[in-house]
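**Student:** Provided below for reference: sequence and predicted model.
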Amino acid sequence: MKLTIATRGSKLALWQAEWVKSKLEKLGHEIDLKIVTTTGDKILDKPLAEIGGKGLFIKEVEEALLKGDAQIAVHSLKDFPTQYETDHFTLAAIPVREAVEDVFLSENFETLAELPHNAVVGTSSIRRAMQLKAFRDDLVITDLRGNVDTRINKLKDGKYDAIILAHAGVKRLGLLKSVKYFEVLDTDIMIPAMGQGALGIETINDPKVIEAVKPLNDFRTQICVTIERDFVDTLNLGCHAPVGVYAKIMADDSIKIKAALLKDDKMIKKEVVISFDEWENAGKEFAKEFM
Ligand SMILES: NCc1[nH]cc(CCC(=O)O)c1CC(=O)O
């Protein structure tokens, strides 16, 4: 089939779109890319949480699908709202998840625990800030916006003692080695965002297009991110809220879910283990424990 993928123009978005393109080409399809600039790409001087609104990186991409300029959009699943427009679109495939954790990056200090008192840590994520403060309340957390490569350049400019990014993005761009020290943060200290490390392939509601991308779906990843997205959705939170949630299928096929969120300025953190066949309601059920 001849198909066009709409994508943002950031290096990471292009990497992800190219990845999907090559997978679809291997399945015998003919794929073009169409680059779209989104609101999230244009406003670079404000914290994301302040600009607000769901789907800062989504709207203009979906418009390209509505106009017929493209049939497929590749998103970082963590930026894809739990509630989206299903009259026209389907989240048709969720490929196998990349590294789920966050990563600590620094030019001077080997680990998060070894940062000196009052060290300056860059992140614009209130989820990361919440968990950093819970781990080390002396750290000075300052805003850090921009694409993955921009943020790493700001670290190298010496504006921060360390920064925190999603491991997946840094890995995909091959930038881990460009920084002197990196530490993958244990999910007990830094619970990732819903869907972190996973891609979401959105299509127009055309059965032929849905059929074409379906082979890229990974069922076990789909289960985990569905639990995470249901959790966030049930609590009526968005992708820029102070909430971390992570579901993992264990070696014995049980599923471990952990989450942390801010309630009355305090971080609440819980975890639960469920059996595999309970996955469908697990996100909703676990959310109730936080209400
Ligand atoms: N919020 C921005 C964003 N959206 C997706 C990723 C890359 C990681 C992923 O695919 O989950 C990043 C960068 C980051 O948080 O460091």
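**Tutor:** Ah, there it is. For clarity, every value in this text was computed on a predicted model and none was experimentally measured. Residues are numbered from 1 along each chain as shown.

**Student:** quick one: the helices in the stretch 151-291 of the chain?
**Tutor:** 167-172, 207-213, 219-234, 279-288 (DSSP state H, counting those that start in this stretch).

**Student:** of all those, which lies closest to the ligand?
**Tutor:** The ligand sits nearest to helix 167-172 of all these, at 3.1 Å, using CB to the nearest ligand atom. For the C-beta atoms, the positions are set from N, CA and C on the backbone; glycine is no exception.

**Student:** any bit of the closest one sitting next to the ligand?
**Tutor:** Yes: for helix 167-172 and the ligand, the contact criterion (CB under 6 Å from any ligand atom) is met by 168, 169.

**Student:** on contacts alone, who are the packing partners of that helix?
**Tutor:** helix 11-26, strand 102-106, helix 148-156 (3 or more CB pairs under 8 Å, 6 or more residues apart in numbering; DSSP states H and E).

**Student:** so can I have a markdown table of the ones you listed showing mean neighbour count, distance to residue 260 and mean pLDDT?
**Tutor:** A markdown table is the format used below for the helices and strands packed on helix 167-172 (neighbours: other CB atoms under 10 Å; distance: least, CB to CB, whole Å; pLDDT from 0 to 100):
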| stretch | mean neighbour count | distance to residue 260 | mean pLDDT |
| --- | --- | --- | --- |
| helix 11-26 | 18 | 25 | 97 |
| strand 102-106 | 26 | 12 | 98 |
| helix 148-156 | 17 | 23 | 96 |
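
**Student:** Dump the ones you listed to JSON lines, plus distance to residue 271.
**Tutor:** Written out in JSON lines, the entries for the helices and strands packed on helix 167-172 read as follows (distance: least, CB to CB, whole Å):
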{"stretch": "helix 11-26", "distance to residue 271": "30"}
{"stretch": "strand 102-106", "distance to residue 271": "17"}
{"stretch": "helix 148-156", "distance to residue 271": "29"}
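
**Student:** Could you point out which of those sits nearest residue 235?
**Tutor:** Nearest to residue 235, of all these, is strand 102-106, at 20.6 Å by CB to CB.

**Student:** pretty sure residue 97 is in a helix, no?
**Tutor:** No: per DSSP: H, G, I helix; E, B strand; the rest coil, residue 97 lies outside any helix segment and is coil.

**Student:** Which one of the helices and strands packed on helix 167-172 lies nearest to residue 251?
**Tutor:** Using CB to CB, those put strand 102-106 closest to residue 251, at 23.5 Å.

**Student:** Given the closest one, what are its sheet partners and their directions?
**Tutor:** Here strand 102-106 has these sheet partners by DSSP bridges: strand 162-166 (antiparallel), strand 181-184 (antiparallel).

**Student:** any idea how far residue 158 lies from residue 122?
**Tutor:** Distance of residue 158 to residue 122, given as CB to CB, to the nearest Å: 11 Å.

**Student:** So the two - more neighbours on which side?
**Tutor:** Between residue 158 and residue 122, counted using other CB atoms under 10 Å, residue 122 has the larger neighbour count: 22 against 9.

**Student:** what's near enough to touch residue 70?
**Tutor:** For residue 70, the contact set (CB atoms under 8 Å, 6 or more residues apart in numbering) comprises 3, 4, 5, 6, 34, 64.

**Student:** Would you mind giving those as TSV with secondary structure and neighbour count added?
**Tutor:** Shown next, in TSV, are these (DSSP: H, G, I helix; E, B strand; the rest coil; neighbours: other CB atoms under 10 Å):
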residue	secondary structure	neighbour count
3	strand	18
4	strand	19
5	strand	25
6	strand	24
34	strand	16
64	helix	19
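
**Student:** Switch those residues over to CSV; also include pLDDT.
**Tutor:** Below are those laid out as CSV (pLDDT from 0 to 100):
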residue, pLDDT
3, 98
4, 98
5, 98
6, 97
34, 97
64, 96
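
**Student:** Would you mind naming what in the stretch 51-200 of the chain lies close to the ligand?
**Tutor:** With CB under 6 Å from any ligand atom as the criterion, the stretch 51-200 of the chain meets the ligand at residues 76, 78, 79, 148, 165, 166, 168, 169, 196, 197.
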